[in-house]
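Structure for the following, please:
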Amino acid sequence: MMDATSGVVMRTLGAAGALLVVLAAATPSAAVAQTMPGPVYHDLANKGHERLAKRISKKLELRADPDDEDVASLLDLWEREEGGPDTGYDWLAVTRLWLRAGDAARAEMALHRADESGEVTEGELLLDQARVAFLSGQPDLAIEAYWRGCKVAAEAASIEYWLDVEVLATPYEAEQWDRFRRLPVGQRDLCAFLRRLWNQRALASAIAVGARIRDHYVRMRLALDQYRRRGGKKGPTFVNSLGRPTNAAFDDRGLIYLRMGNPDRVTTYAGNPSIGQHNVSAECYQPNVSWAYDYPDGTRVFHFTSFGGLDDYWLIENLGLVYRCGDPAAVIAGDHTGQLTPVNESRFVVLAPWASLVLQDLYRSRQGLDPRYAMLAQQMDDQSGVLFDASGRVEQASVGSEALEAQRSLQQEREWTWDDGEFAVASVPDRPDVATNTRMLFEELQFRASRPALSRVWLNGVIEAENLTPTIQTDGSYLYRVDARWVLLDESGAFHRFTSTVQTASPRLLGADESIPVRLAAELPPGVYRYNVLVQSAMAAPREKKRAGNYKRAELTVRDFEIGAPVLSDIAVAADSGGSWSPGAGVKLRASPAHFTGPDGAAFVYFEAYNLTPGGTYVTRVRLEPEEDGEAFDLSFPGDVPGNGSVTRRMLRLDLDQTDPGRYRMEVTVLDEGSGNTTLPFNTRITVHRSG
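Next up is the predicted model:
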């Protein structure tokens, strides 16, 4: 059934929530390199139209880039030679042609014809339904169709699903797919396979799975437009050995973009030799570009070149490899005053000792990406010899110990580049969309949950306030709002996501070393989890590309508190007894992951003990051992167990005003005097700090 104003209701989605609104003016946002359905090719070839079949196939090849005019011309040829599209698979091929051209409205209409035929498998229809919905900017409908399609996908649809994600796959995931596709049909669970792949990337990005899939299809559209391979033969690239898909539709820029998104900084070098290098032509430097991505543990940098001016750009091991001329020292020795010109050969020139004479400016151009490149340029800078003297006459340049240092610098850079390449290609390099310019500190605090067989886990943290963007209130005060997102993957691959917004008011702007507390909680079954916590300012500063904040990836082992023996919870440490955090009934404190005492040397310690003798007594023993020189000492605190004995809550005030300042290892145990049993020790650290 066709509705002239709102689009088509697809049979495959059913009546509920199935309306796909496709407007003719919809802005293209995503598409992928769909293949030509096999039945179309064979049917046309068997009818004597092999040339037409090849032309349709050519337009759907990985490196094709058809536009509306190309598709219309091809359909006109199809009409003249064979009477036009007829079967359901014919119309599925037309759908994919319009998808490649970025025309969602026409793709949707062709898919409706394919659906009406009743010939196309449901899995193929639903996947293309998802592709059309992504292209038309309707991610909710797209995600619904995507997951419904994988449930019913037969062989052809399964391959199409894989082709859409192959460019993201690690070598291990590619091996998993190879094993998966060889399984008997009854043993395959395509949805489970895809969920594992997408869960990994959603975890690394700290976003919902559906949002990560949407981002992929949006990036795919841009990559097809800007980074599609033009050359028939893939150029040399060191990431081949790291697991780059051999048949990817994209050059290495597309590969990195699809996996990592937009770079934080981009730099190129068109050749601008500094004083002393005038005999080096700008043409000696091949087209090049470098991308930088910021991570909490440092910056990842990727260098690309087109190897002689072709459109395709490939990753290289050393930025210096874009230099393609001879030895400037040889020019000097031969008393040649003309500029060097690029060597006429298809391979790179081996960077011999004169590297230190010609690469300083090239490497200095990358210092805005990462300060390490300023260091490399400095190491290569041969101050003892110049190519021109003060009067402009050519001099012999020194290529001694400085040249050896340049070679060492290149080796160091090669190690960085290989490490970054392996990170991008052989791992899951996704990251949250945040500036990573703000310090933060987190700890996990675990307690028994009120529901059986669950533990309540608090993610207790602080984030530095200086870079966050507040809003000014009518009374002149400042309101800081931060968004926190916590995503976890359990051992089965299940995805968990929790969010919170925190507000803190201040009469003044907060500065360095001042922070805002951030806490999230979840009730989880015992087991091992990998998690990512993202905290960012709710507002972006003017001219800021990304919101200030940071993220942390870690592994968490959720403890089992249901054992019969006495057991301790985790221990929270606060500098004072005030605050709003309430881990248990009637308890409030301002727990900090820094575990600092107050300026008076006092610390407040909160914990819970489980399975003590009801109505009995217990003794808490706290042992403090300095991390540096000094004697360990013990503190003891008696207490009474509640009548029901299920949870014993305790807040202790540790008076450490006579203790030397510094870091201490704190060990806490509880002796149940009724049973004589002692809990296993819980270890944490505490820092004694006193003002004055």
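
Okay, and Glu124 sits in which element?
Using DSSP states H and E, Glu124 falls within helix 122-135.

Show me what that helix is packed up against.
Taking 3 or more CB pairs under 8 Å, 6 or more residues apart in numbering; DSSP states H and E as contact, the helices and strands that helix 122-135 lies on are strand 19-20, helix 88-101, helix 104-117, helix 139-152, helix 155-165, helix 209-226. Quick note: C-beta positions are derived from backbone N, CA and C, even for glycine.

Pull out the buried residues from the fourth one.
Looking back up the chat, that one is helix 139-152. Neighbour counts over helix 139-152 (16 or more other CB atoms under 10 Å) mark Pro139, Leu141, Ala142, Ile143, Glu144, Ala145, Tyr146, Trp147, Arg148, Gly149, Cys150, Val152 as buried.

Does anything pack onto it? Which helices or strands?
Using 3+ CB pairs under 8 Å, 6+ apart: helix 139-152 touches helix 122-135, helix 155-165, helix 190-205, helix 209-226.

Let me know which of these is the nearest to Ala93.
Closest to Ala93 of these is helix 122-135 (CB to CB; 10.5 Å).

avg pLDDT for the closest one?
Averaged over helix 122-135, pLDDT sits at 97.

How far does it sit from its chain's centre?
Here the centre of helix 122-135 is set off from its chain's centre by 26 Å, with CA atoms, centre = their mean, to the nearest Å.

Stretch 426-442 spans what distance, first to last residue?
Using CA to CA, to the nearest Å, the end-to-end distance of stretch 426-442 comes out at 28 Å.

swap in stretch 624-644?
31 Å.

Check stretch 110-123 too.
Stretch 110-123 has an end-to-end distance of 16 Å (criterion: CA to CA).

Contacts for it next, please.
With contact meaning CB atoms under 8 Å, 6 or more residues apart in numbering, stretch 110-123 is reached by 2, 8, 10-12, 85, 87-92, 94-95, 98, 125, 128-129, 132, 149-150, 152-154, 156-158.

which of the residues you listed count as buried?
Buried, going by 16+ other CB under 10 Å: 8, 10, 12, 85, 87-92, 94-95, 98, 125, 128-129, 132, 149-150, 152-153, 156-158, out of the contacts of stretch 110-123.

Next, the buried residues of whatever helix or strand Asp76 lives in.
Assigned by DSSP H and E, Asp76 falls within helix 68-82. For helix 68-82, burial by neighbour count (16+ other CB under 10 Å) applies to Val71, Ala72, Leu74, Leu75, Leu77, Trp78, Glu82.

Distance of the third one relative to Tyr41?
Distance, Leu74 to Tyr41, using CB to CB, to the nearest Å: 14 Å.

anything in contact with each of those two?
Taking CB under 8 Å, 6+ apart as the contact criterion, the common neighbours of Leu74 and Tyr41 are Ile56.

Quick one: neighbours of Asp640, just the number.
11 (other CB atoms under 10 Å).

residues in contact with the closest residue in space to it that isn't next to it in sequence?
Among residues not flanking Asp640 along the chain, Thr617 sits closest, at 5.7 Å (CB to CB, 6 or more residues apart in numbering). By CB under 8 Å, 6+ apart, Thr617 lies in contact with Pro638, Gly639, Asp640, Val641, Glu673, Gly674.

Out of those residues, who's the most crowded?
Using other CB under 10 Å as the neighbour criterion, Val641 leads those with 22 neighbours.

From Asp68, how far off is that residue?
From Val641 across to Asp68, the span is 78 Å (CB to CB).

What of Ala540?
Counting by CB to CB, the gap from Ala540 to Asp68 is 37 Å.

And for Gly578, the neighbour number?
Look at Gly578: counted by other CB under 10 Å, it has 10 neighbours.

What's the per-residue pLDDT of the closest residue in space to it that isn't next to it in sequence here?
The shortest distance from Gly578 to any non-neighbouring residue, by CB to CB, 6+ apart, is to Arg590 (6.0 Å). If you check Arg590, the pLDDT there is 90.

Now do the contacts for Arg590.
Counting by CB under 8 Å, 6+ apart, Arg590 touches Pro517, Ala574, Ala575, Asp576, Gly578, Gly579, Ser580, Trp581.

Of the residues you listed, grab the buried ones for PyMOL.
Buried residues among the contacts of Arg590 (16+ other CB under 10 Å), as a PyMOL selection:
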select buried, resi 517+574+575+576+579+581
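
Just give me the closest of the contacts of Arg590 to Val167.
Nearest to Val167 among these: Pro517, at 40.9 Å, using CB to CB.

quick check, that closest one in a strand?
Yes. Judged by DSSP: H, G, I helix; E, B strand; the rest coil, Pro517 forms part of a strand.

Mean pLDDT per helix and strand in the chain: which one sits at the bottom?
Within the chain, judged by mean pLDDT, DSSP states H and E, the helix or strand with the poorest mean is strand 19-20; its value is a mean of 32.

Any stretches of the chain with poor pLDDT?
Across the chain, the ranges flagged by pLDDT under 70 are 1-33, 232-236, 246-247, 272-281, 308-310, 326-357, 381-406, 645, 691-692.

Spatially central residue for it, please.
By CA atoms, centre = their mean, the chain has its centre lying nearest to Asp430, at 1.4 Å.

tell me, how many neighbours does Thr471 end up with?
11.

Bridged to it, which residues?
On the basis of DSSP bridges, Thr471 is bridged to Leu479.
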